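Trainee: Here is a sequence with its predicted model. Questions after.
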Amino acid sequence: MAYRCGQDQKQIMLFPQSIDQYVTEEHPVRAYDAFVDALSFNELGIDLDTRKVGNSQYHPRLMLKLLLFGYSYGIKSSRKLERDTYNNIAFIWLIKNLKPDHKTIAEFRRQNKKALRKALKLCARHCLKLDLIEGNILFVDGTKIRANAGKKQQHKKKWYQKQLQQIDQRINQLLAECEQVDEDEADQGSWAKMPKELGQQQRLKQTIVSALDELADRSSHTKNGNERQVNRVDPQSTVMQSPQGTHPGYNMQSVVDNKNGLIVSVDAVSDANDQNQFAPQIKAAEETLDKKCKIACADAGYSNIEHLNKVESEHTKVILPSQKQASGKPPGLFDKSQFVYDEQTDCYRCPQAV
C-alpha cells in the first residue's frame, strides 16, 4: 500500500519564505521530528509495508509525530489535533502540510495503543537527554473526564445479583427451547445462527458479571459509608462531579515537567478525588524518566500525609499546601500558628495569656 508522505518541508509555498524558516532551530518540534524518525517501528509493533494494495494512507511516522507532539502539550482531543494541522505552524511543519481528519487520527491511535505507550516512554527519556525536560521539578494535577455511560446504569450489588439470577433462568429456558427446536428440525439443514434473544441475554449477562467483578475488586461501601454502586456499561468508571455536573467518569492525572511544561506521565483513575494519587503519579513519572525528581508539587487536593511521606526523601522535596492553607481562611484564635515560642522558658505562650 502506498503512503502519502506530504511535500518537502523546505519547498516554496504561498508563504513569503519556505515553511522551514517559520520554525526556529531551537523549537521543540524539531526534537520530536528527529526522535520519531529514529524509532524502529518493528520494535514498536507498527508494520510499514509500501507494497500493500488499496487506498493510500497517511504515513504512520507522520501520524505518530502528530500524536506525540500534541500529547506532550496536553492536546488529547483528535478534533483539536486536526484543527492544529490547519492553524499551528509547528504542526503544519511537523506533518509536512498534510491534513488528516479527526476520525483518521482517532483510528490510528485506537489501532496502535501499545506502540504509543512505548513511544511516549521513550520520548520522555529522549527529551530528558535533549534538555527539553529536566525531570527535577514535577507538577501533578487531575481533571475529570466523562465516561461513555449514563447515570441510569449505576446499580448496587443486590440489583446485579437479582438480574443475573433472572438472566440465568431465561438463558436456561432459551437453551431448552433451542434443544426442542433442534429435535423438531432434525431433518433440516444447519442455519448456523444463534437465536437473537439468546445472544442478547448472553451479552447482558457478560456486562452484569463484569460489574459484579468490579464490585468484588472494590470495597462494598464508599468512604462515606454508602453502599457502592457500579455502572453496568462502564464498570470501572465512578460517579464524579465536574463543571459539567455529576456523571460517570474518570479522573485524568497528568504530571508535567517544570522546564517547558511538557507532560511526562498520564493516567486515568477511578478515584473521584486526588487524595490517593500523589505518590503513584510521581513514582510513575520518575519511572518513565528513569530519574528521581528533586521537587514534587501539587495542589491541596493531593494533601495526604501517608502519600507525601512516600515521595519525600533526602533526594526529593515535596511542595504542597494543606487544605487549611488552600481555603484562604484566616487562622483561628487558638490555631497553633498563634502560639508563640518562648526560648527562655522553653514553652509556648497562649495568645490569650496576659
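Mentor: Thanks, I have it.

Trainee: Excluding chain neighbours, what is closest to Ala272?
Mentor: Closest residue to Ala272 apart from its sequence neighbours, by C-beta to C-beta, 6 or more residues apart in numbering: Met240 at 4.8 Å. C-beta: built from backbone N, CA, C; applies to glycine.

Trainee: Note down every partner strand of the helix or strand hosting that neighbour and its orientation.
Mentor: Assigned by DSSP states H and E, Met240 belongs to strand 238-242. Pairing partners of strand 238-242, with direction, according to DSSP bridges: strand 245-257 (antiparallel).

Trainee: Looking only at the strand it pairs with, what residues are buried by neighbour count?
Mentor: Buried positions in strand 245-257, judged by neighbour count with 16 or more other C-beta atoms under 10 Å: His247, Pro248, Gly249, Tyr250, Asn251, Gln253, Ser254, Val255, Val256, Asp257.

Trainee: surely the second one meets Ser270?
Mentor: Pointing back at Pro248 there. No. Pro248 lies out of contact with Ser270 (C-beta atoms under 8 Å); the separation is 10.0 Å.

Trainee: per-residue pLDDT, the nearest residue to Arg79 once chain neighbours are set aside?
Mentor: Leaving aside its chain neighbours, Arg79 sits nearest to His102 (4.4 Å; criterion: C-beta to C-beta, 6+ apart). The model reports His102 with a pLDDT of 87.

Trainee: show me what contacts His102?
Mentor: Contacts here follow C-beta atoms under 8 Å, 6 or more residues apart in numbering; on that basis His102 touches Ser77, Ser78, Arg79, Leu81, Glu82.

Trainee: Now with 7 Å, please.
Mentor: For His102, the contacting residues are Ser78, Arg79, Glu82, taking C-beta atoms under 7 Å, 6 or more residues apart in numbering as the criterion.

Trainee: Filter the residues you listed down to the buried ones, PyMOL style.
Mentor: Selection command for PyMOL covering only the buried members of those, criterion 16+ other C-beta under 10 Å:
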select buried, resi 78+82
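
Trainee: for the helix or strand Leu120 falls within, the distance to its chain's centre please.
Mentor: Taking DSSP H and E as the definition, one finds Leu120 inside helix 113-129. Distance of helix 113-129 from its chain centroid, counting by C-alpha atoms, centre = their mean, to the nearest Å, is 15 Å.

Trainee: Give the buried residues for it.
Mentor: Residues Ala115, Leu116, Ala119, Leu120, Lys121, Leu122, Cys123, Ala124, Arg125, His126, Cys127, Leu128 are the ones in helix 113-129 that count as buried (16+ other C-beta under 10 Å).

Trainee: Adding pLDDT, write those residues out as CSV.
Mentor: Compiled in CSV, these are given as follows (pLDDT from 0 to 100):
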residue, pLDDT
Ala115, 83
Leu116, 82
Ala119, 81
Leu120, 77
Lys121, 77
Leu122, 78
Cys123, 77
Ala124, 77
Arg125, 74
His126, 72
Cys127, 76
Leu128, 76
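
Trainee: and the residues you listed as CSV, adding distance to Phe108?
Mentor: Shown next, in CSV, are these (distance: C-beta to C-beta, whole Å):
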residue, distance to Phe108
Ala115, 10
Leu116, 9
Ala119, 12
Leu120, 14
Lys121, 19
Leu122, 18
Cys123, 16
Ala124, 20
Arg125, 23
His126, 21
Cys127, 22
Leu128, 26
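
Trainee: In contact with the closest residue to Leu138 other than its chain neighbours, which residues?
Mentor: Nearest residue to Leu138, sequence neighbours excluded (C-beta to C-beta, 6+ apart): Cys293, at 4.7 Å. Residues counted as contacts of Cys293 (C-beta under 7 Å, 6+ apart) are Gly135, Asn136, Ile137, Leu138, Ile282, Glu286, Thr316.

Trainee: List buried residues within the residues you listed.
Mentor: Gly135, Ile137, Leu138, Ile282, Glu286, Thr316.

Trainee: Going by distance to Thr345, which of those wins?
Mentor: Within the buried ones among the contacts of Cys293, distances to Thr345 taken as C-beta to C-beta reach their minimum at Thr316, with 37.2 Å.

Trainee: In contact with the closest one, which residues?
Mentor: With C-beta under 7 Å, 6+ apart as the criterion, the residues that contact Thr316 are Lys292, Cys293, Lys294, Ala296.

Trainee: Among those residues, which are located in strands?
Mentor: Counting by DSSP state E, the members of these that fall within strands are Ala296.

Trainee: quick one: low-confidence ranges for the stretch 251-354 of the chain?
Mentor: Along the stretch 251-354 of the chain, segments meeting pLDDT under 70 span 325-328, 331-332, 354.

Trainee: Helices of that one, residue ranges please.
Mentor: Counting by DSSP state H, counting those that start in this stretch, one finds helices in the stretch 251-354 of the chain at the ranges 278-289, 305-311, 323-327.

Trainee: Tell me which of the ones you listed lies nearest to Asp335.
Mentor: From those, taking C-beta to C-beta, the stretch that ends up closest is helix 323-327, at 8.5 Å.

Trainee: Let me see the domain layout of this protein.
Mentor: For the chain, whose domains are defined here by automatic domain parsing, the residue ranges read 3-132, 151-231, 238-321.
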